[in-house]
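Enquirer: make a model of this:
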Amino acid sequence: AVAVVALTAVLVILTRRKKPASTRMKRSMSFTSRLMLDGSMPDNVNMIDPIINAVLLYDDPPADAAIIELMTSMLSYERMSKIPVKDNSANMWFWEEPTGFDIKNHLISKTVASDKELWAMISDMAPRSLLRPGGMAQPIWEMVIIRNSGGKSAMIMRLHHTIADGISLVSVMNRLLKDRSGAPLALQVPFQRKDGAGKGMTMGMIGKILSAVGTCLYVGVSPYDTDLLFTSGPAKKKIVFKGKRKVVLMPDVEESLIKALKNAAKVTFNDVMFSAFGGAIRRYCEKRNDPLLAKLGKSVQIRALLPVAFPRSEAEASDPTRVLRNKWCFISAKFPVGEPTPADRLKAANEVMNGLKNSPVAPIQLWLQNNLVSKLPLFAQRQFAFDAFSRHSVVFSNVPGPKIPVLAAGKEIVGLQMVFPNILPQVGILSYNGMCHANMVLDEEVVTSPEILRECFVEELREMASGLGVDFPGAIADRLTALKGI
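Expert: Numbers count the residues shown, from 1 in each chain. Prediction:
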């Protein structure tokens, strides 16, 4: 403990040193953005570039010309038209103009003949670097259109995570999406308000802050999660990325069901989804006769890393040269896998989330990574990240989308999926037009027979609904059947 305090004190002093005047007028990247370019994991982990895959599904896909027009409209954002360049003398990254940029090279066209082929192609593509030519010498994003003669087609916006986080991508969505009348969406980037400015610091607040600092510092040295059959077992201490991922689609679920469940249980939408996936993991392990789950019961520890994005200043939110950025961090949350019933799991999920909401853990974690971890050598920064990831079992992300039908490149979107391959299984949830679209991206060598998770997810929601007296839509079972073989 003394060593941790001493290290923290030294790093605080370093952060307070006056920085030398710079002759460059360009704005440098944040620590989070530049770490994703430098590589956030040790070299031996073989981690890939962090590529976000936003999948837009169509019954009738748009033409190439319409897609190029849409792509061109997004170039007003600095990070969509420029490239990251490192100034090695300053050890900093900046955005600069590329040479030889042709937007047409950033559109990749492919064809398939069935939904099974479509999702096999997306699973194969997701863990790969950008497909368009030019590497890092061209803007680090692309569009892939996959036209399907035997089912739904997909347009996939693939971009390097260093461009932006989820909150700032709302701004891009306003250029990307239109309502049925052709009018642009008016989604607002959340911005910081100053309502609480000037309030004094109480002893209670100081106590919470100190507790949060301890919580954040403890994550990287905390006990490893239980070696359930859902995890990579003891091998997670030396986990590596093996290059393959499977996108396991969950059947779409009506938002009205999730809202009815949350209202009946007096919890939140996110609590229901977090609990449902915790229950799905438990049921998966039960179906595989996991010996540790049976032995440990409620003592099982399975945790998720939750990405938390922070509001922007009002000036940033309205400035297309500044709105795209990364201002987020991971926080740790216990999945309710050890709880024996859906009701117990939902209660536990609500308690975990309420605890996080009432704690300054997230802003403290952001401050620590921006002001302390950023001052460490790169190898230490990477080790900090690896130590946190290797002790957890899942990454969980739940993002609200448009509440109405929308068009992209002139054609109506019928479904959305957020696909992100990570070193851990990644849950991605997007709500759109009254439906909740979810998937889990995972390594089939670790989570064998992953299609079982779909059945477990539906079983958990059905039993949760039964216990709360909420009607369960029969259409969900039909959608589960339709996913067989995908």
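Enquirer: can you list the weak-confidence ranges in the stretch 201-350 of the chain?
Expert: For the stretch 201-350 of the chain, applying pLDDT under 70 flags the ranges 201-204.
Enquirer: just the helices from it, written as ranges.
Expert: For the stretch 201-350 of the chain, the helices defined by DSSP state H, counting those that start in this stretch cover 203-219, 255-265, 269-287, 291-296, 314-317, 342-357.
Enquirer: what's the most buried one of those?
Expert: Of the helices of the stretch 201-350 of the chain, the one with the most neighbours on average (mean count of other CB atoms under 10 Å) is helix 269-287, at a mean of 24. From N, CA and C alone the C-beta is placed, and that goes for glycine too.
Enquirer: take the helices of the stretch 201-350 of the chain and write them to CSV, including distance to N398.
Expert: Output for the helices of the stretch 201-350 of the chain, formatted as CSV (distance: least, CB to CB, whole Å):
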stretch, distance to N398
helix 203-219, 21
helix 255-265, 10
helix 269-287, 5
helix 291-296, 25
helix 314-317, 22
helix 342-357, 11
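Enquirer: for the ones you listed, which one sits closest to D227?
Expert: Smallest distance to D227 across the helices of the stretch 201-350 of the chain (CB to CB): 6.2 Å, for helix 291-296.
Enquirer: next one: that closest one to chain centre, how far?
Expert: 30 Å (CA atoms, centre = their mean, to the nearest Å).
Enquirer: show me the contacts for I258.
Expert: Going by CB atoms under 8 Å, 6 or more residues apart in numbering, I258 touches F269, V272, M273, C436.
Enquirer: what about 10 Å?
Expert: Applying CB atoms under 10 Å, 6 or more residues apart in numbering to I258 gives the contacts T268, F269, N270, D271, V272, M273, A276, I429, S431, C436, L461, V470.
Enquirer: repeat for T448
Expert: Contacts for T448 were tallied using CB under 10 Å, 6+ apart; they are L229, F230, R288.
Enquirer: equivalent analysis for L296, please.
Expert: T226, L228, D290, G338.
Enquirer: the same query, at a cut-off of 8 Å, please.
Expert: T226, G338.
Enquirer: next one: P42
Expert: Per CB under 8 Å, 6+ apart, neighbours of P42: F379, R382, Q383, F386.
Enquirer: what is the neighbour count of the first one?
Expert: It stands for F379. 10 (other CB atoms under 10 Å).
Enquirer: hang on, it is in a helix, isn't it?
Expert: Yes - counting by DSSP: H, G, I helix; E, B strand; the rest coil, F379 is found in a helix.
Enquirer: ok, it to D43 distance?
Expert: F379 is 9 Å from D43, where distance means CB to CB, to the nearest Å.
Enquirer: and what of the last one?
Expert: Spatial separation of F386 from D43 under the definition CB to CB is 11 Å.
Enquirer: these two - which one has more neighbours?
Expert: More neighbours surround F386 than the other of F386 and D43, with 20 against 9 (other CB under 10 Å).
Enquirer: just the element for that one, please.
Expert: Using DSSP states H and E, F386 maps to helix 378-390.
Enquirer: buried ones in that helix, by neighbour count?
Expert: Residues of helix 378-390 classed as buried: Q381, R382, F384, A385, F386, A388, F389, S390 (neighbour count, 16 or more other CB atoms under 10 Å).
Enquirer: so how far is the helix or strand following that helix off the chain centroid?
Expert: Next helix or strand after helix 378-390 toward the C-terminus (DSSP H and E): strand 394-400. Once both centres are worked out by CA atoms, centre = their mean, strand 394-400 turns out to sit 5 Å from its chain's centre.
Enquirer: give me the low-pLDDT residue ranges for the stretch 351-486 of the chain?
Expert: Short version for the stretch 351-486 of the chain, where the test is pLDDT under 70: none.
Enquirer: now the helices for it?
Expert: Assigned by DSSP H, counting those that start in this stretch, the stretch 351-486 of the chain shows helices spanning 361-371, 378-390, 452-468, 475-482.
Enquirer: so what does the last one touch, helix or strand wise?
Expert: Helix 475-482 sits against strand 253-254, helix 452-468, with contacts defined as 3 or more CB pairs under 8 Å, 6 or more residues apart in numbering; DSSP states H and E.
Enquirer: what pairs with the residue nearest the centre of the chain across the strands?
Expert: Centroid check for the chain by CA atoms, centre = their mean gives S397 as the closest residue, at 4.7 Å. Beta-bridge pairing for S397 (DSSP bridges): G428.
Enquirer: wait, isn't it in contact with N422?
Expert: No - taking CB atoms under 8 Å as the definition, S397 is not a contact partner of N422, at 9.8 Å.
Enquirer: quick one, what contacts M125?
Expert: Counting by CB under 8 Å, 6+ apart, the residues that M125 touches are N53, L131, V144, I156, R158.
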